[in-house]
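Enquirer: below is the structure, and that's it, no one-letter string:
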């Protein structure tokens with residue numbers, strides 16, 4: 001059992017001090033201040049120690065100073081202990097980071113700011129050694145910015161790298177969380193008040209540092225078409241199973257990266273439903289797209305630009321030299337600088353001076369090179385201009401009037417020396433000591449100094465006096481070898497000037513300063529160093545920073561690639577010519593390309609002959625193409641192939657309602673249904689890369705439209721044939737024959753009017769809209785969208801869209817087309833010897849049924865097609881109503897149907913228009 005506390009213990013526990021502390025616990029204020037400064041730098045002292053269990057700095061028990069009470073001292077020390085703890089926890093957290101570039105960049109940027117804060121404590125400690133020792137209270141006042149910065153840095157690091165992520169997560173999710181977190185924090189800190197600029201500057205520095213790896217991957221993607229993402233951090237990834245020359249390349253080769261789980265902080269990622277073709281998933285399952293907030297609006301454009309660039313590079317150029325010139329614009333069209341360098345320069349101009357760099361690099365809708373921008377601008381005193389000028393010598397490449405690249409020879413000692421990085425580091429020393437260059441020259445110091453070996457020679461040559469060995473005289477070479485050697489020395493000296501120069505030691509020297517010709521190196525590191533010390537004149541929102549400094553240039557490059565791919569599509573790859581071939585084949589636009597083929601198939605159906613032989617069908621098709629005046633439309637006759645597909649429920653209601661009679665030609669009278677030819681599938685081989693647009697799915701839609709048009713053509717074919725038989729019966733006039741004529745005229749008028757509507761709206765109007773859309777397109781994605789809209793338009797106008805409204809309309813149209821086959825069957829029976837009274841009676845009843853069913857279908861169609869809502873949404877329906885209701889024959893202007901109980905009035909009106 002625990003003993004009860006004494007009164008003294010209770011008093012001590014409440015912080016009341018009624019007696020003097022132990023003399024051994026007294027601290028000298030000078031040593032106490034030094035101890036505080038040291039823990040702020042991450043060290044432990046005799047007064048303060050790091051508690052590994054509690055993860056914090058603690059003061060030694062009983063610590064006191066003579067001029068402050070323990071309560072006051074504890075209040076002063078607590079803020080320093082908390083700040084030191086924050087800095088130490090930041091150091092520990094950053095030490096656990098691994099290899100992914102964004103996480104590594106975050107750790108590097110946060111560590112740099114951590115070192116900057118600790119440098120403040122180090123400088124205070126240096127001041128103490130010079131005799132100006134601050135008091136503990138004065139230290140609290142002078143280190144206010146350090147304490148606030150330490151707490152803010154800890155909040156940033158703890159928010160960007162929570163414990164859940166340290167335990168393990170994908171690189172992409174980690175990168176997105178870090179960038180989104182910094183983006184939101186910077187958005188909060190942009191409206192800074194007086195004295196809070198350090199927070200904005202800290203966030204800006206870390207955000208820019210973390211964004212650079214992302215920008216470097218985007219740079220190689222949109223300028224070179226290469227996805228250099230070994231750690232899989234980007235918001236998209238390559239599906240390597242699909243090669244570039246496959247039809248599905250553009251659609252499935254590069255996909256948005258997604259995840260199916262939601263961890264801490266993943267609320268920042270964009271949620272979007274993704275159609276997944278390669279994985280079996282629930283239809284309503286929602287995926288989370290792993291993409292930074294500020295890239296979600298242009299993510300698809302970025303992916304499309306890289307894929308388009310790969311297509312441009314993969315397909316050999318065969319057209320004019322203008323296209324050849326355009327091909328190289330994608331290599332590095334942005335001012336001779338990388339995307340990271342442009343971003344940093346634009347950021348410097350925006351934050352430091354409020355300037356918009358885009359106005360210097362983009363003039364008159366044309367990209368201006370960095371060299372031209374330097375000459376034309378009048379901002380020579382601004383820091384961004386100095387950064388630009390310093391970065392150009394390493395990048396500068398002159399182009400002569402013939403378009404050939406030539407190297408401009410700079411002085412041996414310039415801002416940069418790619419052959420010897422040491423000279424770059426020592427350039428200031430060399431410029432200050434030009435008189436000593438000869439001493440460092442390779443040609444003057446290549447020969448070894450003479451040897452003092454006279455005594456050795458005298459001993460060897462029996463006392464004969466001899467000169468010492470002197471390499472300057474050409475020993476051991478002859479004259480020609482000596483001249484050749486000196487010439488080689490001069491060449492090496494030109495390539496590697498001052499090879500013996502060694503740089504002086506510089507603490508915290510950045511590798512980018514030592515090797516400035518690494519990609520995105522010197523300029524970027526200078527801008528980051530500038531952000532650490534600058535007092536920003538402007539604190540723009542992160543959305544403004546990204547729009548002005550990054551997104552603007554990305555969109556310009558995307559537009560540039562889009563214009564190039566469009567130029568190749570329309571000129572080099574002849575897209576419109578290929579779509580014109582599809583139009584002539586699948587929309588039956590060619591006058592006689594398939595005329596012979598369809599006539600043969602229709603006749604086989606009439607005679608009840610077999611037509612399910614693929615070989616025979618293709619033989620007839622090739623013969624039809626060869627004998628056609630439009631046969632030259634196809635590159636070769638065998639580029640169009642027909643096949644038969646199995647269709648479920650092939651015998652439709654139109655077949656069951658066909659007129660069946662017992663006659664000598666029963667087999668011929670048993671007509672097949674109007675949908676029987678839907679099993680025909682035409683396959684046209686579209687050349688690559690145009691099959692990226694007219695792919696297998698698009699050809700299936702073309703086939704659906706073509707099958708519908710073949711039904712209309714077949715109905716017209718049988719009605720024309722039935723009319724020829726009717727004309728042979730002109731000698732006899734009966735009421736039944738007249739009725740049959742009237743029904744045939746109604747069917748023929750509907751089929752002709754509908755066929756004319758299809759040709760006007762589908763073949764001509766839709767094509768004009770397609771041409772206008774192609775002319776206005778700005779990228780390959782937009783071209784695909786225009787073509788898909790064109791397919792949807794012709795599907796709607798042919799009523800083959802899988803939609804309830806269109807299915808209702810299509811069912812009635814198919815019923816009317818089927819009635820044409822029924823009437824043809826009746827006429828075929830009567831013309832082939834139907835003189836039996838029973839057969840004639842059944843035929844007359846069948847004609848009455850056809851007439852009534854036609855009237856019912858027309859009444860339904862006119863009601864649906866004339867409905868104001870439908871006409872408002874789809875104007876082409878009004879055109880169809882005008883054609884099939886010619887002169888308001890079936891329906892008045894007010895929408896009232898003109899009908900009679902037994903169709904007597906209609907028959908009377910038709911009788912007046914037909915001469916028997």
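Expert: Great, that's in hand. All figures in this text were calculated on a predicted structure; none of them were measured in a lab. Residues are numbered from 1 along each chain as shown.
Enquirer: what residues of the helix or strand encompassing residue 188 count as buried?
Expert: Using DSSP states H and E, residue 188 sits in helix 171-189. Residues 171-183, 185-186, 189 are the ones in helix 171-189 that count as buried (16 or more other Cβ atoms under 10 Å). C-betas here are computed from N, CA, C, even on glycine.
Enquirer: who does that helix touch, helix- and strand-wise?
Expert: The elements that helix 171-189 packs onto, with contact taken as 3 or more Cβ pairs under 8 Å, 6 or more residues apart in numbering; DSSP states H and E, are helix 101-129, helix 144-160, helix 197-224, helix 542-546.
Enquirer: now with 10 Å?
Expert: Applying 3 or more Cβ pairs under 10 Å, 6 or more residues apart in numbering; DSSP states H and E, one finds that helix 171-189 makes contact with helix 101-129, helix 144-160, helix 163-166, helix 197-224, strand 258-259, strand 288-289, helix 542-546.
Enquirer: contacts only, for residue 799.
Expert: Contact analysis of residue 799 by Cβ atoms under 10 Å, 6 or more residues apart in numbering lists 705, 708, 805-814, 880.
Enquirer: pLDDT wise, what is the nearest residue to residue 228 once chain neighbours are set aside at?
Expert: Leaving out its chain neighbours, the residue that sits closest to residue 228 by Cβ to Cβ, 6 or more residues apart in numbering is residue 220, at 4.6 Å. Looking at residue 220, its pLDDT reads 91.
Enquirer: pretty sure residue 220 is touching residue 226, no?
Expert: Yes. Judged on Cβ atoms under 10 Å, residue 220 makes contact with residue 226 at a distance of 4.8 Å.
Enquirer: who touches both of the two?
Expert: Residues touching both residue 220 and residue 226 (Cβ under 10 Å, 6+ apart): residue 306.
Enquirer: circling back to that earlier point, quick check, nearest of the buried residues of helix 171-189 to residue 590?
Expert: Using Cβ to Cβ, residue 172 is the member of the buried residues of helix 171-189 that sits closest to residue 590, with 51.1 Å.
Enquirer: and the closest one, how close does it get to residue 221?
Expert: The spacing between residue 172 and residue 221, counted by Cβ to Cβ, to the nearest Å, is 15 Å.
Enquirer: same question for residue 783.
Expert: From residue 783 to residue 221 the distance is 21 Å (Cβ to Cβ).
Enquirer: look at these two and report which has more neighbours.
Expert: Neighbours were counted for residue 783 and for residue 221 using other Cβ atoms under 10 Å; residue 221 has more, 24 against 21.
Enquirer: what sits against the more buried one?
Expert: Applying Cβ under 10 Å, 6+ apart, the residues contacting residue 221 are 227-229, 234, 236, 254, 302-303, 305-307, 309-310, 339.
Enquirer: list just the nearest of the residues you listed to residue 779.
Expert: Residue 779 lies nearest to residue 305 out of the contacts of residue 221, by Cβ to Cβ, at 7.7 Å.
Enquirer: name the helix or strand for that closest one, please.
Expert: helix 299-314.
Enquirer: could you do residue 31 as well?
Expert: Short version, using DSSP H and E: residue 31 is in helix 29-40.
Enquirer: residues near residue 63, how many?
Expert: Neighbours of residue 63 (other Cβ under 10 Å): 18.
Enquirer: okay, it: pLDDT?
Expert: 80.
Enquirer: my read: it touches residue 77, true?
Expert: Yes. Residue 63 lies in contact with residue 77 (Cβ under 10 Å); the separation is 7.9 Å.
Enquirer: what's the overlap in contacts for the two?
Expert: With Cβ under 10 Å, 6+ apart as the test, residue 63 and residue 77 both reach 32, 35, 47-48.
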